[in-house]
Structure formats: structure tokens, C-alpha cells
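Asks: Please find the sequence and the predicted model below.
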Amino acid sequence: MKKKLLQVNNLRTYFHTFKGTVKAVDNISFDIDEGEILGVVGESGGGKSITGFSIIKLIDEPGKIETGEIIFDGQDLMKKSESQMNEIRGKDISMVFQDPMTSLNPVYTIGEQMEEVLILHEKLTKDQRKKRCIELLKAVGISNPESRLKSYPHQFSGGMRQRVVIAIALAANPKLIIADEPTTALDVTIQAQILRLMTNLVKEQGCSLMLITHDLAVVSEIADRINVMYCGKIVETGSSKSIVEKFKHPYTKGLISSIPDLDKDKDRLETIPGIVPNMFNLPKGCNFSPRCKYCKDICKEKEPELVKVDEKHYVACHFPLREGEK
Amino acid sequence: MLRYLSTRVSQLILVLFAVSILVFIFTSVMGNPVYLMVRENATEAEIQAAIEYLGLDKPLPVQYGIFIKNALKGDFGKSYIYHQPALGLIMERFPATLELVFIAMLLSALIGIPLGVLSGAYPNKISSKAIMTLSIAGISLPSFWIGMVMIFFFSLTLGILPVSGRGDIGTILGLQTSLATTNGLRHLVLPSLTLALANIATIIRLTRAGMQENIRQDYVKFARAKGVSSRKVLFGHALKNTLIPVVTIFGLQLGSLIAFTTITETIFAWPGMGKLLIDAINSADRPIVAAYVLFVAVMFVFINFIVDILYTFIDPRIDLK
Amino acid sequence: MSIQVETSNKSQEKVNKWKSFLESEFFHNYKKSPTAIIGSIIVIVVLLIAILGPFFTVQNPYDMSNIDLNNAYKPPAWDEGGEAKFFLGTDQQGRDIFSAIVYGSRVSLIIGIAGTFLASAIGIVLGLIAGYFGGKIDAIIMRIADIQLSFPTMLIAIFLMSFIGRGITNILIALSLVGWVRYARTVRGETLSVKKKEFIEATKVIGLPNFKIIFKHVLPNVFTSIIVLSTIQVGSFILTEATLSFLGLGVPVTRPSLGMLCNNGFNVLYSGLWWVSIFPGLYIMIIVFGINLLGDFLRDELNPKLK
């Protein structure tokens, strides 16, 4: 059995705004094994990104991590001070952001921004650092890395910038990379390339990856396990195979049937009716009940809890779908 | 680069052309300069002679042509009061004004930028809120009033600083300046502070706004995700992005400082070109006013040009093409 | 009967609007901002003094028959030789400083507010024209605005006043000529972005005439920005006017504004009559400070991008 790298227990991250409290992440628990790729999927506004930022405790006002344990490599990050967190961020856990156009500082060169991580987290001489930067750029597929170090971000295309961001994330050999929609802002043609690059590098280095995305199709191909999130809660979790083939939650079903399938000759794609509810005013009972076609009275009263339906497969639904129910 | 320069220069000429026409209209067409030249009970013949002397009998475009031709030679006519070439009088007093502006600018940069950065970086601290409220007070101050208050307090009541005038001038590196003598420095304190005060407040506010905009950017969060401490993120990443536009602000503020020297110099009887202008306006000494307007117009256009060039050097995103 | 129902409906609507305002985030933040509250209190008190003040002053400072040279050179009430009647002292002619400030503030406020109205009217019209029609007319207007912006406002105002001469109308002309640019640029920018939105396209399809489109759909969208700009503008115009008047380029001697009072008092500052000039100037600062506190809050709340 593999060792657990990250274990999140009862995490709650709330945003206290004038209009009320938004429970962006509401009592979720999950774990990531060493070397594992965990996919986190759901519509935007479902709390996926906030989950990612909560792990490295980068939640800004008016957000706040209310309760929970974040046990990483045997230590509870919740008990760490800000300066202790700074030693973990970028070193043990690094992040890849959604929009490469804005995540690099426009007034520093690529080289300076890569070096920054190495200066903070590795004891290397100046020459070693430069060598490492060149290695990294080569690894992420940037040609002429030596001359590119002196370039500024605006001289790079979006795809190249994201490669640089990935190189920065890999620089200090982290144990976990949290990638927040790493390909969403990119051209469709480059998305697959970047994703393949990232998974390959992660596998090579043996680090774990938490891949946050709204695209279940993408994640099911590369992730070992998948968490489906809806309105700040995990509604279904299981291995990629069992999520795709034996999904139990009507929401997961909705996500899957909205994937275009080239093999089958469907006239039109199915969509999930309705929209994500107002986060200030969540429905009573199951959050998904207003959009669910299997909704019964109990769904509007009682909130379902995660129950085991299969080996490592859990679902939070009063009426889990039977297999093959399409 | 060449194309950039040529468009800049053509803009420059356009601005100066527009200003020269306005000055010409105001000085030559509106009001009648003849009556400033002749005696009160002048005869028809004397008035006629003055009109011919001033070229007022010629059609307007010709008059403008003469005006421009003379202006290009630096000839704006002689001051009615001093009976000396107007431009010469301005040039003579320019160093005193420049000195005042230079000190005020230095004070603004040294005080304004750090305070703006701090209050932008830590907006919720009490000290930041105090800085912000004080800066609002600063931009609400009438500068002539603060000058009077300082004269009353430091000079008349405490008697520790001179009331007005420029004091002794010495030489530093070949430049004639008040900075070289203690007496000169003492004379410099109140005028330069008066001039700097509103400017400090403006610089604080603009720097703070830039800082606050930058700390919201994604790259700041990404830097924090790299493990950069929040202090270093603020003063490394956000600050550099904030300081680039501050250069433009300084260019603009330089112009506004020059404008406000007219007030400061009037209050402190500082013998600079600002006081010369106000005196000239009050005594209807039009050649000096005309020369001053074109002189500062050239200066502002030049400052803007320098700021633009500087900007392209410090902001890596701009390529001069 | 039916009319009555309608009016009660309308007043009901008003009550609802008022209620939703009281529950809005804007009002919530307002209550929590001491600077905004202090700013509004200052502004209200200043306006009340300007409107009602003449009923309480001991004299009309413009009416020479009211002024007695025997009262000249009186220091403020708390100083030796001061009189309670002349709370802030008197000037060299026996004019009560407090009365002069009350009357002077009316001149200053009227110029500040009227100047802002004129400048905003010119700026809004030009900005709408430039933003909506684009092309050559836009290029010309914005070119002029750019050139003007590269010169400091105060200097332009000084030059204008030196050429057209002092007087309240002339100050208003000068202020409108220096103040329109900020409005024009803001309104033009917002007009451009509003224009891109679909509903404007839709109104074009219906065939509404241009001016109707502009006034009905663009103006309401730039309204908050105009409010913010105008608040700050009133304060800065009061300062500009005060400075011009102090330099002898502003209001005529017969209608002294606060800046003019400082000018009069400056001559006697060296003889120790500090109150003649310091109090009017202090009042200018208080007025502008109040307006700016309020303006700062409005900008942060309504449109932080405005500078």
C-alpha cells in the first residue's frame, strides 16, 4: 500500500462578505497518495480552486480557513506559522495557476523569476542555479533556453509562459504540485501538449499532482482518482475508472453526459439543467436537489452524507444511481 | 526608434504652434498694447507712431509672422517695466526657481514614495489610515495659506527662520546655489517645504493607488505560492511594478511644481521667474507674460519627452519602434 | 380615486427604494467609514453656515455703514483685548473676520459649484460626442485634451485670468476651460465601453436617433463616475479660485472670497495681525478637506479606477 502524502480532514473555508457567508469549501475530507494524480472536477464556483489554495494556506481576506486538518508528510499545516509555510510553499508544495498571462511578473526576466525559487529553497551557487534553470526550461520544451533566460514574460506566448510556470513549479523538486485549471486559458491546440508535458514530468519526478479542472474528459484520462465537487462539497469520489464507468451521483452523470463523444452519433449534447445555486443562499438538504431529475422529498430536507458504494468509491446521494442507469 | 522620435517631434511642434497662436491672440489681439507704450495724454501722432512701431497696422497673419520670427530669435520685446529683453529677465531668474523646484521634488520623492508604498502595502494598519487622512488634508491645503502659517509660526513667532528673500548664494560644482551657504539654506527651508507639501500628498496617493492595484495581481499570489515572504512580495514584486508609472507622475508633478512656484515665490518674495510672472501680470507687462508662457510651454513639452524616453528604458514591456 | 392609488403606489416605491438603499453595501460601508461621515458632516455644516450664516453675523461686511474703524485691529476673543462680539477678531478697517468668512464662503462655494456644473456640462457633451461618433471629431477633441493635460491646471488658469481680467464670470469661464478635460476623458472612455455592449446595438437596430441613444443609454451608465469626479472637482475648484484670488487674479475686491480675504490679510501678517489671514485660509482648508473626504469615499465605493 502506498504512503499517504496529503490528508485533508474536515476542511472548511468560508468567505465572510457583506452579503453573508459563502461556504466555499464546506467540510471536505480527502487524501492524496505519493506519486498519485488526483483530479478535482466540478463547475466553476464549486470550491475547487479554494480547496487548492487552502492547502497552502493562501486564502486572502475576506476568506478564512475555519476548521480542518491539512496533514502533509506527517505534519499538520494548520499549525504552521506563516514563515514556516513560506518554507513549504514552492519547495514541498508548488502551484501552477490558471492564467499564464498574469501569473508571471511583467518587470522581471524569466531567469530572475525562476532563480527566485532556487534562491529561496535550494543551496546552490550562482552558476549551478543558472545551469538548473536551463535544464528546467529544456525539460519543459523551450528551445534556446540559455538566451530565453534574459527574456521578459511579454516576449513569450501563452503556452510558453505556462511552460515557464510549470518549470518554476518543478524547480525545487516538490512532493506535490497543485495545478489550478492549468490549460483553461490556453489555445485548444496547446492544451493537450501542456497537460501531457505536465503529467510526464510529474511521473518522472515521482511527485503527486492535484489537478483542478472543470473538464472531466481531460481529467479522466490522466488522473488516478477523481473528486467531484459541487457547491463546496465533495459529492463523489473514486478511481477514475469507477467514476467514469460506475458513477453514482446524478451530478457526475450530468458532467459525463455533457462530454462530446466522437464514437457515438449523438444529435445533441446533454446538459445539466439549471445553474449553480446562489452560494449565499444554498438550498436546504442536498445542494444539487433543485437541478436533479431524481429529486425526492427527502433530498429537500436532509443533506446526504458520503457513503461507501464500492472499493474506494464514495457518493453523497440519497438515491445513488444503479449501474448502467443512463 | 527613429520613427518614434519623428512622431514625437512633430507632436512637439504642433503643441508649440498651438500655444504660440494662443499667446499671440491674447497678447496682441485682445487688449491694446498701444496704451501701455504711450503717455496718458498722448497725441494722435504719438499713438500712430506706436501702432506702427508695434506693427499693429499690418494684417493679423503678418503680425503673427513677425511675432514668431522674433520669438524664434528669443525676442519677445522689452519689458515695459524693466526696459530689458523679456526672455533675458526670465532666464536670469530661472535658476532660483529651479532650485526651489528641485528641493521640493527631492522632498516629495523621499517622503512621498515610502509613505505611499507603506500605506498601499498595509492598508488596514492604523498608521496607513493616518497617512491617508493626512494626505487628504495635504491636497486640501491652500498652498499660499500654509506658507503664511509657516511664516507666522517659524519666522514671526519663533524667529528661527528668515521671513523671505533668497539669502546668500554660493557655488557648488560651478552652480550658483543657496545650498552652498548656511544662510541660503535657512532661506530655502520654508519656501521649499511650502511648495513640497501638496506635492508630497499627491505622490503618496498615487503611489498608494499603484501599490494597491499591483498587490491584487495574480503574479503577486503566484510569487507567494513560490514561498516568497509577503514582505519580499510587497517590496520586490509589487513595488517595482508600482515605481514604473511613478516616473510619469513625477513628470506631471514637475510641471505642477513649476506652476505653484508662482504662489510660493510671491509669498516668500523669492526672486524667481514665478514671482516675475505675477508681478508682470499685475503691472500688465505683456512681453514678460508672453515670454514666460512660451518658455514654460517649451519646458513642459521637453519634460514630457524626457519622461517618455525614460519610461521606455525602465519598462521592459515597451519596445521603441 | 385612481390618481390617489397611483400616488400611494409611487410613494410606496420611494419607500422601497429608500429601504433598499439603507440595506445596500454602499450604505453599510458608509456607516463603517468614519472619514466619510466626518466629511459629510463638514460639508453639511459648511453649506448651512453659508445659507443661514448671514442671519447670525454681527455685521454685513460689504456694507460700509456697518463697519466702524473704532473696532479695527481687534484680536480674537480669547486673546488679550479681544471682544466676544468679534469672536475671530477684526481687520484693519474694523471688519468682523467671522462675518467676512461667512460671506466669503458663499462666494467661494458658489464659484466652486457653478464652475463644476459648467465644466462638467462642457466635458460631458464633448466626451459623449468624441466617444460616440469617434473618427475625426474624436481625434480633434482628444488631441486638445491631451495638449491641455500636459500643462498644469493652475498655470493655465493663471494665464487665462491674466488675459481676461478678474471677475466672477471670468473665473467661471477659466474654471470651465481648465476643468472640462477630465470629464471628457472619463465620459469618452465609458461611452466607448458602453457602446460596445449589445443593448446599444439593439437600440440602433430599432432605429432610435443618435441623440436619444446617447442620452437614454450612455448617460445613465456614466452617471456614477460623473458624481465622483464632480465631488472632487468642487473642492479643487474652490482651491483654484482661492489661489487665483490670493494672487489678485480672481474675484473683484467688492465680492471677496475666502482667498481674497487671505490676500487682504497677508499685508498685515507681518504687523502681527495673523487672524486676518489665517482664519479664512483655515476655513478654506476645512471646506476642501470635508469635500475630499467624501469624494475619496465615493470614489473607492463607486469607481476606484478614477484618479
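Replies: Ah, there it is.
Asks: Helix, strand or coil: sort out C:Asn60 for me.
Replies: Of the three states, C:Asn60 takes coil according to DSSP: H, G, I helix; E, B strand; the rest coil.
Asks: Test for you: state the pLDDT assigned to it.
Replies: Looking at C:Asn60, its pLDDT is 83.
Asks: what do you get for C:Leu298?
Replies: pLDDT at C:Leu298 comes out at 92.
Asks: I'd say it and C:Leu229 touch.
Replies: No: C:Leu298 is beyond contact range of C:Leu229, at 9.6 Å (criterion: CB atoms under 8 Å). For glycine as for every other residue, the C-beta is placed from the backbone atoms N, C-alpha and C.
Asks: Among the two, which residue is more densely surrounded?
Replies: Between C:Leu298 and C:Leu229, C:Leu229 has the larger neighbour count (other CB atoms under 10 Å in any protein chain shown), namely 28 against 22.
Asks: excluding its backbone neighbours, what's nearest the closest residue to chain C within chain B?
Replies: Residue nearest to chain C within chain B: B:Trp145 (3.1 Å; CB to the nearest CB). Spatially, and ignoring its direct neighbours in sequence, B:Trp145 is nearest to C:Gly281 (3.1 Å; CB to CB, 6 or more residues apart in numbering or on different chains).
Asks: Number of residues surrounding that neighbour?
Replies: By the criterion of other CB under 10 Å, C:Gly281 has 25 neighbours.
Asks: That one and C:Leu261: what is the separation?
Replies: 8 Å (CB to CB, to the nearest Å).
Asks: A:Ile234 now?
Replies: 72 Å.
Asks: and these two? which has more neighbours close in?
Replies: C:Leu261 (31 against 24).
Asks: nearest spatial neighbour of the residue of chain A found nearest chain C, skipping sequence neighbours?
Replies: Nearest to chain C in chain A, going by CB to the nearest CB, is A:Phe18, at a distance of 4.8 Å. In space, and not counting its chain neighbours, A:Phe18 is closest to C:Glu25: 4.8 Å by CB to CB, 6+ apart.
Asks: do C:Gly123 as well
Replies: C:Tyr183 is the one closest to C:Gly123 (CB to CB, 6+ apart), at 2.5 Å.
Asks: what does A:Pro174 give?
Replies: Once flanking residues are discounted, A:Pro174 sits nearest to A:Ser94: 4.4 Å by CB to CB, 6+ apart.
Asks: Who are the packing partners of the helix or strand harbouring that neighbour?
Replies: A:Ser94 is located in strand A:93-96, with elements delineated by DSSP states H and E. Other elements packing on strand A:93-96 under the criterion 3 or more CB pairs under 8 Å, 6 or more residues apart in numbering or on different chains; DSSP states H and E are helix A:158-170, strand A:176-180, helix B:218-225.
Asks: need the contact list for the residue of the stretch 151-300 of chain C found nearest chain A.
Replies: Distances between the stretch 151-300 of chain C and chain A by CB to the nearest CB are smallest at C:Asp300, namely 14.3 Å. C:Asp300 makes no contacts at all, as judged by CB atoms under 8 Å, 6 or more residues apart in numbering or on different chains.
Asks: Which residue ranges of chain B form helices?
Replies: Counting by DSSP state H, chain B has helices at residues B:2-24, B:34-37, B:44-54, B:60-72, B:86-107, B:113-121, B:126-140, B:143-150, B:182-215, B:218-225, B:230-232, B:239-268, B:273-282, B:286-314.
Asks: which residues are in contact with stretch A:11-18?
Replies: Taking contacts as CB under 8 Å, 6+ apart, the residues outside stretch A:11-18 that touch it are A:21-29, A:47, A:50-51, A:54, A:59, A:62-70, C:25, C:28-29.
Asks: Now, of those, which are buried?
Replies: A:22-26, A:28, A:47, A:50-51, A:54, A:59, A:63, A:65-66, A:68, A:70 (16 or more other CB atoms under 10 Å in any protein chain shown).
Asks: From these, which land in strands?
Replies: Among the buried ones among the contacts of stretch A:11-18, the ones falling in strands (DSSP state E) are A:22-26, A:28, A:63, A:65-66, A:68, A:70.
Asks: Taking those residues, tell me the two that lie furthest apart.
Replies: Across these, the longest distance by CB to CB is 20.2 Å; it joins A:Val22 and A:Ile70.
Asks: If I look at the residue of the stretch 201-307 of chain C found nearest chain A, what pLDDT would I see?
Replies: Closest approach between the stretch 201-307 of chain C and chain A, counting by CB to the nearest CB: C:Glu301, at 11.8 Å. What the model reports for C:Glu301 is a pLDDT of 86.
Asks: now A:Ser151: how far from A:Glu245?
Replies: Distance from A:Ser151 to A:Glu245, counting by CB to CB: 46 Å.
Asks: got the domain boundaries for chain C?
Replies: Structural domains assigned to chain C are C:2-32, C:43-306, following automatic domain parsing.
Asks: hey, which of the ones you listed is tucked in deepest?
Replies: Highest mean neighbour count among the domains of chain C (mean count of other CB atoms under 10 Å in any protein chain shown): domain C:43-306, with a mean of 19.
Asks: And the helices in chain C?
Replies: Under DSSP H, chain C gives helices at C:2-22, C:25-32, C:34-52, C:97-133, C:135-149, C:153-164, C:168-196, C:198-206, C:210-213, C:219-246, C:258-269, C:274-302.
Asks: contacting residues for the residue in the stretch 51-200 of chain B that chain A sits nearest to?
Replies: Residue nearest to chain A within the stretch 51-200 of chain B (CB to the nearest CB): B:Asn124, separated by 8.5 Å. With contacts defined as CB under 8 Å, 6+ apart, B:Asn124 has no neighbours.
Asks: which one's the longest helix in chain A?
Replies: As assigned by DSSP H, the longest helix anywhere in chain A is helix A:188-205.
Asks: And the pLDDT for the residue lying closest to B:Leu134 once chain neighbours are set aside?
Replies: Spatial nearest neighbour of B:Leu134, excluding adjacent residues (CB to CB, 6+ apart): B:Ala201 at 7.6 Å. Note for B:Ala201: predicted pLDDT of 94.
Asks: how close does B:Ala201 sit to C:Asp296?
Replies: When B:Ala201 is compared with C:Asp296 (using CB to CB), they lie 12 Å apart.
Asks: go on, A:Ile142?
Replies: For A:Ile142 relative to C:Asp296 (CB to CB), the value is 46 Å.
Asks: measure the residue of chain B closest to chain C to A:Ile59 for me?
Replies: On the measure of CB to CB, B:Trp145 and A:Ile59 end up 48 Å apart.
Asks: Confidence-wise, which helix or strand of chain C is lowest on average?
Replies: Using mean pLDDT, DSSP states H and E, the weakest-scoring helix or strand in chain C turns out to be helix C:198-206, at a mean of 64.
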